[in-house]
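**Student:** got a predicted structure plus its sequence, pasted below:
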Amino acid sequence: MSHVTCPKVSCYNAGMIVTRFPPSPTGFVHVGSLRTALYSYLFARKNKGKFLIRIEDTDQKRYVEGAVENLLSTLKWAGLEYDEGPEVGGPHAPYYQSQRTELYKKNVQDLLKNGTAYYCFCTSERLDEMRQGQERRKEAPMYDRHCTKFSEKEIEEKIKSEVPYVIRQKIPQEKILILNDLIRGKVRFDGRVIDDQVLMKSDGFPTYHLANVIDDHDMEITHVIRGEEWLSSTPKHIWLYEAFGWTPPQFAHIPLLLNADRSKLSKRQGDVAVEDYIKKGYSKEAIINFIALLGWHPGKGIEKEIYSLPELVEAFSLEGVHKAGAIFDIQKLDWFNWQWTRRKIEEKLEKIGNTLENRAKLLLELCEEYLEKDWLKDKNLLARALKTVEEKITQNPKEVRVYLQFYFQEPEIKKELICSEKMKVDTEIAKKVSAAAGKKLETISPENFTEEEIKKSLIEVVTELGLKNGQIFWPVRAGLTGEQFSPGVFEVIWALGKEKTLERLKKLEQI
């Protein structure tokens, strides 16, 4: 792709905020990575800034075929449009680090010249021996700067003899760094306990640390928003900026995503790839809404939870990001999915008319592939049944068959379920209630067989038998459904219809 070369002067207006999302193409997009991209996007858009994408593919051993395409399609699916990056172009191209290696080689020479980096010729065997010795002495594992003793002449001879080497950063061990993190406040780092990290590997490729700093400077990044796992690397990066004579960006380290047991979110305890949730039928609105609130809150006293992407842009601020880790609660994601699916259904019904037939049609579109084909024969029963389990359908349509089964298959009369000690229902009461309920419901005309009339009739049964509501409603509902949990008794009777309800109540009298 052709690109414009960025002039030496800034490509952006003074004071413009520029953020970036720099993923590595090592697999599918982690939900935590999508959250990092989202926060970077929201912060840039809120402040009328720019949002860039850069592919950090210098670790060729971990490169996964198709990962870049998956990444870009996921961002597009989520609606996170970027101003510069692969497939878009821009003044800071190229956007693949593997295509920027000459820039890194050139810049690292400046560090070698000013003494803030040095050649290291140590073999892996020597490094292993060094670390083992440090372990025995119970010392922190750090490079011992063995190669800093070589003279310029010795270095030249080793390079000429093609002795393998890496280039290390020379950490200013005499310094204390105070970082003003935009989320965590002041964080103190002591140079004496920070290792001389490798900047350039023996294969000529830069490490993340070197390439990251050079690219962020070259692409004029003003704010680096990333996970808290990178906090410990930040002093190394800031001291690199200092070594180059560059002004560092501002840093904001967002909290980790955690499992329910507060361990770091991992594949071992559930799905972590965005693609997994897309395949399961979660909408992009639900996923974006959910992950936005994992570690961020719109402000004190604000209880709103449902946000569209434009609403998130308007509400987002780094001041609202928490320090503590956020629990990835799949039930909360289900709730968001239900809210957004229901919202879309209501929006469509406003256009086509909010009738039972139209509502059933939209619900059926969500779950038809999971239903028994025979159930589609009785369209009226199906329409009513779908309405009673609407919340379950919009939350997880794959399980709808379980929720609807009792409407289409005669339930087993379970005496142990119907006769409840907690509800104070025994066999005698169950028989009496089923007979009285049947007689009362039979008086309702088919055209008036509504939830309101059904409720009115059953309340009359409560009064006539001198029992409590639960003693009437429990055995009727349990007998009609055969389930401990189901829609409410009035909904069930309305959905089953007068004829099916009376047939089942007759059987219930034989308990």
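**Tutor:** Right, received. Where do you want to start?
**Student:** next, the distance between the ends of stretch 91-101.
**Tutor:** End-to-end span of stretch 91-101 (CA to CA, to the nearest Å): 18 Å.
**Student:** quick check: buried residues in it?
**Tutor:** Neighbour counts over stretch 91-101 (16 or more other CB atoms under 10 Å) mark 92-93, 95-98, 100 as buried. To be clear about C-beta, it is placed using only N, CA and C from the backbone, and glycine gets the same treatment.
**Student:** any chance of those in TSV, plus secondary structure and distance to residue 213?
**Tutor:** Conversion of the buried residues of stretch 91-101 to TSV gives the following (DSSP: H, G, I helix; E, B strand; the rest coil; distance: CB to CB, whole Å):
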residue	secondary structure	distance to residue 213
92	coil	15
93	coil	19
95	coil	16
96	strand	17
97	helix	12
98	helix	17
100	coil	12
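**Student:** redo those as a markdown table? Include distance to residue 332.
**Tutor:** Shown next, in a markdown table, are those (distance: CB to CB, whole Å):
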| residue | distance to residue 332 |
| --- | --- |
| 92 | 38 |
| 93 | 40 |
| 95 | 35 |
| 96 | 36 |
| 97 | 36 |
| 98 | 39 |
| 100 | 40 |
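**Student:** pick out the most distant pair among these.
**Tutor:** Largest separation among those by CB to CB: 92 and 98, giving 15.7 Å.
**Student:** could I get the CA-only coordinates of the helix or strand residue 291 falls within as PDB?
**Tutor:** In the assignment (DSSP states H and E), residue 291 maps to helix 284-292. Extracted C-alpha coordinates of helix 284-292, given in PDB (Å, rounded to 0.1, in the frame of the first residue of the first chain):
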ATOM      1  CA  LYS A 284     -21.700  -6.500  19.600                       C
ATOM      2  CA  GLU A 285     -23.700  -4.000  21.500                       C
ATOM      3  CA  ALA A 286     -23.900  -6.300  24.500                       C
ATOM      4  CA  ILE A 287     -20.200  -7.200  24.400                       C
ATOM      5  CA  ILE A 288     -19.100  -3.600  24.100                       C
ATOM      6  CA  ASN A 289     -21.500  -2.400  26.800                       C
ATOM      7  CA  PHE A 290     -20.400  -5.200  29.100                       C
ATOM      8  CA  ILE A 291     -16.600  -4.800  28.700                       C
ATOM      9  CA  ALA A 292     -16.800  -1.000  28.900                       C
END
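**Student:** next one: it to chain centre, how far?
**Tutor:** 7 Å (CA atoms, centre = their mean, to the nearest Å).
**Student:** buried sites along the following helix or strand past that helix?
**Tutor:** Helices and strands here follow DSSP H and E; after helix 284-292, the next one along the chain is helix 309-315. By neighbour count with 16+ other CB under 10 Å, helix 309-315 contains the buried residues 309, 312-313, 315.
**Student:** which helices and strands sit right next to helix 309-315?
**Tutor:** If you count contacts as 3 or more CB pairs under 8 Å, 6 or more residues apart in numbering; DSSP states H and E, helix 309-315 packs onto helix 31-46, helix 284-292.
**Student:** from the contact counts, what lies against the helix or strand following it?
**Tutor:** Counting by DSSP H and E, the next helix or strand C-terminal to helix 309-315 is strand 326-327. Judged by 3+ CB pairs under 8 Å, 6+ apart, the packing partners of strand 326-327 are strand 257-258.
**Student:** no further questions, thank you.
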